[in-house]
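> Give me coordinates for this.
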Amino acid sequence: MKCAFCQTDVSVSERAGRRDSCPHCGGDLHCCYQCHFYDEQAHHECREPQADWVKEKDQANFCDYFRFDPQRVVKGENKEAAKAKLEALFKKTK
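Numbers count the residues shown, from 1 in each chain. Reported below is the predicted structural model:
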């Protein structure tokens, strides 16, 4: 299975524990971004209707409906790449 943050292979069961983290990037494995039910277009960004709302989707939580999604990819880029693009966009020219 792959970490949704760094796309590195990690060995974890489908029931990742709340304290489990990616050994490569340190990202939480039991978080919404790693879950099969995560959907940006769904109500509360979750397709599981009985799940409680979670504010920080990238941090570990206590959701009992969590199911690790091996195909999950977090949209966007890391902060450094996004910052570099913004700086290049607003770079002053002489």
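> hey, let's count contacts and neighbours off CA atoms from now on
Fine.
> So which residues of this structure form strands?
Along the chain, counting by DSSP state E, no stretch forms strands.
> low-scoring stretches of the protein, by residue?
Within the chain, the stretches with pLDDT under 70 are 12-15, 72-82, 92-94.
> Run through who's touching stretch 23-42.
Outside stretch 23-42, the residues within contact range by C-alpha atoms under 8 Å, 6 or more residues apart in numbering are 3-6, 8, 10, 16-22, 45-48, 54, 57-61, 66-70, 72-74.
> Show me which of these are buried.
3-6, 16-18, 21-22, 45-46, 48, 54, 57-61, 66-70, 72 (16 or more other C-alpha atoms under 10 Å).
> Quick one: neighbours of the closest residue to C46 other than its chain neighbours, just the number.
Distances taken as C-alpha to C-alpha, 6 or more residues apart in numbering place Y38 nearest to C46, at 4.7 Å, with adjacent residues excluded. Applying other C-alpha atoms under 10 Å, we find 21 residues neighbouring Y38.
> any idea how far Y38 is from P23?
22 Å (C-alpha to C-alpha, to the nearest Å).
> okay, which residue is most central for the protein?
In the chain, the centroid-proximal residue (C-alpha atoms, centre = their mean) is Y33; its distance is 2.9 Å.
> Can you give me the end-to-end span of stretch 67-84?
34 Å.
> before we move on, what about stretch 6-16?
So stretch 6-16: terminal residues 17 Å apart, C-alpha to C-alpha.
> Thanks again, I'm all set now.
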